[in-house]
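# prediction below, plus the sequence it came from.
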2 protein chains.
Amino acid sequence: MQNKSNTMTIGGLAKAADVHIETIRYYQRRGLLKEPDRPLGGIRRYGSTDIDRLMFVKTAKELGFSLNEISDLLRLEDGANCLEASALAEHKLEHVRKKIVRLKRIEKVLHEMVGRCHAQQGNVFCPLIESLHEGITKA
Amino acid sequence: MQNKSNTMTIGGLAKAADVHIETIRYYQRRGLLKEPDRPLGGIRRYGSTDIDRLMFVKTAKELGFSLNEISDLLRLEDGANCLEASALAEHKLEHVRKKIVRLKRIEKVLHEMVGRCHAQQGNVFCPLIESLHEGITKA
DNA sequence: GTTACATCCGTAGCTGGATACGGAGTCAAT
DNA sequence: ATTGACTCCGTATCCAGCTACGGATGTAAC
């Protein structure tokens, strides 16, 4: 069931993904990462798929997903029921698209700000908030 | 200095932006929102620019920015020094662009998942994690 | 001018997410 | 077979970001 090249210990995994060891244990407790069974009271070994999964959690978190939402996303990845997964995926997809739209709006304004500041001196009115506000009311 | 049509009380502002009153007070304490001076020990009034600003905080938070980062963004908006602002804006811009790239990757995979689930029955391998992994290592 | 309700403000408490701690067990190298 | 570094696991603590509480004050309606 598992890649035979599970060679790392938890410390190596932590280093590979650049997270704290205790964070890995915490994610395991939350069910975000599954802990490989340990050979006769021995020490657990991890492989590259574990790095991927861990990195995914890390990244998604930075994108503003809660651990519960990430858990949802991971359940999709894990197969589960295809119909259920599809519904969930559509829901998350919408969620993600909204985020992209709003980020793009911020991007645009930041870009303009940089441009204007480079172009001229003195204080310029930088409508960061208004721009986002449009986004909110229209979306 | 302020729009004369500051007509709302804090409760109205809270309702308008759909946040908890205490959250507004908290943001004021953190310096994210400025509290209008209150007329001779009276009650503060808020206007539409306050709603905008508050909505901005709310939205940015959902996009994964910390309150400190949001504070940075708001200082940009507030004018400050143009050169300093420009540097900060460029930095944030890069940050935002990375987020967009990663979200788009998630979007793509979710989209594919939905499509595949609609197209066929049974469990399909849905490479959500791998796709994001590429993104991380290449970005 | 009293009732009903909101604001104000300081402080305490809560939740999610992560870290720290410490004693017992494991393992590899010498 | 002992040392040194690491793992395991349960529990405790920490931090950000709120949310609740409560008593004093303000205010609009009757």
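Everything's here; your move. Numbering: from 1, shown residues only, chains lettered A, B, ... in the order given.
# which phi and psi does the nearest residue to residue A:9 once chain neighbours are set aside have?
The spatial neighbour of residue A:9 that comes closest, neighbours along the chain excluded (CB to CB, 6 or more residues apart in numbering or on different chains), is residue A:43 at 6.0 Å. In short, each C-beta sits where N, CA and C put it, glycine included. Phi and psi for residue A:43, reported as degrees, to the nearest 10, are phi -110, psi 140.
# what does residue A:63 give?
Here the main-chain torsion angles of residue A:63 (degrees, to the nearest 10) amount to phi -90, psi 10.
# look up how far residue B:23 lies from it.
In this structure, residue A:63 and residue B:23 are separated by 22 Å, where distance is defined by CB to CB, to the nearest Å.
# more neighbours: which of these two?
When residue A:63 is set against residue B:23 and neighbours are counted by other CB atoms under 10 Å in any protein chain shown, the residue ahead is residue A:63, at 20 against 15.
# tell me the contacts of the more buried one?
When contacts are counted by CB atoms under 8 Å, 6 or more residues apart in numbering or on different chains, residue A:63 is found next to A:99, B:63-64, B:99, B:102-103, B:106.
# just to revisit the earlier point, number of nearby residues for the residue nearest to residue A:9?
By the measure other CB under 10 Å, the count of residues near residue A:43 is 8.
# buried stuff in the top helix by length along chain A?
Longest helix of chain A, by residue count under DSSP state H: helix A:82-119. Of all the residues in helix A:82-119, those buried under the rule 16 or more other CB atoms under 10 Å in any protein chain shown are A:82, A:85-86, A:88-90, A:92-93, A:95-100, A:102-103, A:105-107, A:109-110, A:112-114, A:116-117.
# over to stretch A:5-22?
A:6, A:8, A:10, A:13-14, A:17, A:19.
# and which of these is nearest chain B?
Looking at those and their distance to chain B, the nearest is residue A:17, at 9.8 Å (CB to the nearest CB).
# please name the nearest non-neighbouring residue to that closest one.
In space, not counting the residues next to it along the chain, residue A:17 is nearest to residue A:54; the distance is 4.4 Å by CB to CB, 6+ apart.
# can you say which helix or strand has the one you found in it?
Per DSSP states H and E, residue A:54 falls inside helix A:48-62.
# ok and the residue in chain A nearest chain B?
Among the residues of chain A, residue A:64 lies closest to chain B, at 3.1 Å counting by CB to the nearest CB.
# now do that residue against residue B:65, distance only.
8 Å.
# same question for residue A:56.
For residue A:56, the distance to residue B:65 (CB to CB) stands at 20 Å.
# tell me which of the two has more neighbours.
The neighbour comparison of residue A:56 against residue B:65 (other CB under 10 Å) goes to residue A:56, with 26 against 22.
# tally up the residues packed near the closest residue to residue A:5 other than its chain neighbours, please.
If the residues on either side of it in the chain are set aside, residue A:5 comes closest to residue A:47, at 5.5 Å by CB to CB, 6+ apart. Other residues within reach of residue A:47, judged by other CB under 10 Å, total 16.
# what pLDDT is listed against residue A:47?
What the model reports as pLDDT for residue A:47 is 94.
# same thing with the one 5 residues further on?
What the model reports as pLDDT for residue A:52 is 90.
# for the one 5 residues further on, same thing?
What the model reports as pLDDT for residue A:57 is 93.
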